[in-house]
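Undergrad: Okay, here's the prediction I keep looking at, along with the sequence it came from:
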Amino acid sequence: MSKQIHARRIEGIDKNVWVEFTQLVVEHKVNVNLGQGFPDFSPPEFAKEYFKDALFESGGMLNQYTRAFGHPLLVKVLAQFFSKLFGQDLDANLNILVTVGAYQALFCTFQALIDEGDEVIVIEPFFDCYEPMVKMAGGTPVFIPLRLKSLKEGVPLSSGDWMLDPEELAAKFTAKTKAIVINSPNNPLGKVYKKQELEMIAELCIKNNVLCFSDEVYEWLVYDGTEHIRIASLPGMWDRTISIGSAGKTFSATGWKVGWAFGPDHLLRHLRTVHQNSLYHCPTVAQEAVAQSFQKEFERFSEPESYFVQLPQQLSLKRDQLVRCLTAVGMKPIVPEGGYFLIADISGVKVDLPEPSDRDEPYDFRFVKWMIKNKGFATIPVSAFYSSQNKKHFSHFIRFCFAKKDDTLIAAEKILQSWNLTN
Ligand code: PMP
Ligand code: GLN
């Protein structure tokens, strides 16, 4: 009798939008890449200097292993930095786990806390890896879409116009619900949850004894005076929340792959079990550079020269430039309150797409593939951020990353203007 080769837990999750579209970008001559979310500008000079210093540090010991659950200097600085933000006296050794990017923090969280038969509420649109990660842990994702609440004629839509329906959300909680995943600022929409919305979610978590996994990788990137609120800082939430962050997003260095999870020891101890038996520890030089960079930011917190003040200022100008450009060529952008991305409605854009080779392929996937091949311009289809049952309702949006050099955005504008989209 022949044996099945693959493990059943990876069935149905073999497709990945990043693998597919990064490959297309490599294969075709892409002049403008507003697809995958990474800055095409440099991390700040100070962060790169710290990295270099760590690499060449005299004893060379920063090139060797460090503490499994986080380099001592990094967990110390993170505890100091975030204690005030969470309203908790963080213990560097018990309340923080350093991981290989936010991806591994998410993976440890699902593996450690989700079991066969558990349900996990996921809000759509969602960062795509949540669904396969819930499934690999044996859980069942339960989806709820953000719904468009207001349509004002002539006024551009904002990510804040997309909201949860409190009754619909309450009805998703069952005896099997183990956790809810939230992502604020959200990828791909750019929604930043308001205090009232987070309080509503918190109340349901407490009432139903449910955990909260809060992905906050874009925590510093909020615009127009919008405030990023950490759900773990709301009353009754610290004890049931894992909060996840990324140095890749914080210091515009996505290739360093340093991330972390914050939480109470009674939850984090289980993440440590997964971590020690899989990755064990993360690259030391990158952790040292991130620690030094946070130390610098700690000393100038909220001051005008802080990177956490300057980066969102720069990005909000880039966001506005892209919104203007997309509006002028007939797309309908949704203005994001935070994050790296904006999504735009392409319903009004006329292009002659070739007949689909796969009848089930959503329109936005076909549109973006056509753009890459014919216009040398990469974006990401938004239906990739929806569950299979809801994809079909959201296949007329594409996602643009605006964390790019001004030159890149100008090149994007030129392509769009010459394209004559509405004819
Ligand atoms: N969560 C969200 C919402 C993201 O957009 C990303 C992509 N950067 C991640 C997690 C993973 O982050 P990292 O690159 O630090 O693994
Ligand atoms: N988070 C980034 C994005 O949304 C990159 C994800 C990835 O490359 N896997 O574009």
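TA: Cool, the structure landed. Residues are numbered from 1 along each chain as shown. Ligands and ions are numbered 1, 2, ... in the order given.

Undergrad: check contacts around whichever residue of the chain sits closest to ligand 1.
TA: For the chain, the residue closest to ligand 1 is Gly101, as judged by Cβ to the nearest ligand atom, at 2.4 Å. Where C-beta positions appear, they are placed from N, C-alpha and C, glycine not excepted. Neighbour list for Gly101: 246, 248, 257-259 [criterion: Cβ atoms under 8 Å, 6 or more residues apart in numbering].

Undergrad: Just the pLDDT for Lys249.
TA: Listed pLDDT for Lys249 reads 98.

Undergrad: returning to what we had before: among the contacts of Gly101, which ones are buried?
TA: Among those, those classed as buried by neighbour count (16 or more other Cβ atoms under 10 Å) are 246, 248, 257-259.

Undergrad: for the stretch 1-150 of the chain, what are the low-confidence residue spans?
TA: Along the stretch 1-150 of the chain, segments meeting pLDDT under 70 span 1.

Undergrad: near ligand 2, which residues of it?
TA: Counting by Cβ under 6 Å from any ligand atom, the stretch 1-150 of the chain comes close to ligand 2 at 18, 36-37.

Undergrad: Can you give me the distance of the closest residue to Pro43 other than its chain neighbours to Phe51?
TA: Excluding the flanking residues, the one nearest Pro43 by Cβ to Cβ, 6 or more residues apart in numbering is Ala253, at 4.1 Å. Separation of Ala253 from Phe51 (Cβ to Cβ, to the nearest Å): 8 Å.

Undergrad: What is the burial count for the residue of the chain at minimum distance from ligand 2?
TA: Closest residue of the chain to ligand 2, Cβ to the nearest ligand atom: Gly37 (2.8 Å). Gly37: 22 surrounding residues under other Cβ atoms under 10 Å.

Undergrad: Then Gly348?
TA: For Gly348, the neighbour count with other Cβ under 10 Å is 12.

Undergrad: Give me the buried positions along the longest helix seen in the chain.
TA: Among the segments of the chain that qualify as a helix by DSSP state H, the longest is helix 307-328. If you call a residue buried by 16+ other Cβ under 10 Å, then helix 307-328 has these buried ones: 307-308, 311-312, 315-316, 318-319, 321-323, 325-326.

Undergrad: so can I have CSV of these showing distance to ligand 2?
TA: Below are those laid out as CSV (distance: Cβ to the nearest ligand atom, whole Å):
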residue, distance to ligand 2
Tyr307, 20
Phe308, 19
Leu311, 16
Pro312, 17
Leu315, 15
Ser316, 19
Lys318, 16
Arg319, 16
Gln321, 20
Leu322, 15
Val323, 19
Cys325, 20
Leu326, 18
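
Undergrad: Can you name the residues that contact Thr22?
TA: Counting by Cβ under 8 Å, 6+ apart, Thr22 has contacts 35-36.

Undergrad: rewinding a little: what are the neighbouring residues in contact with the residue of the chain closest to ligand 2?
TA: If you count contacts by Cβ under 8 Å, 6+ apart, Gly37 has them with 187, 254, 340-341, 401, 403.

Undergrad: Please apply the same query to Leu169.
TA: By Cβ under 8 Å, 6+ apart, Leu169 lies in contact with 121, 144, 200-201, 204.

Undergrad: and of those residues, the nearest to Arg300?
TA: Each of these was scored against Arg300 by Cβ to Cβ, and Ile201 proved nearest at 32.8 Å.

Undergrad: what are the ranges of the strands in the stretch 201-350 of the chain?
TA: Along the stretch 201-350 of the chain, counting by DSSP state E, counting those that start in this stretch, strands occupy 211-215, 241-246, 259-262, 332-334, 341-345.
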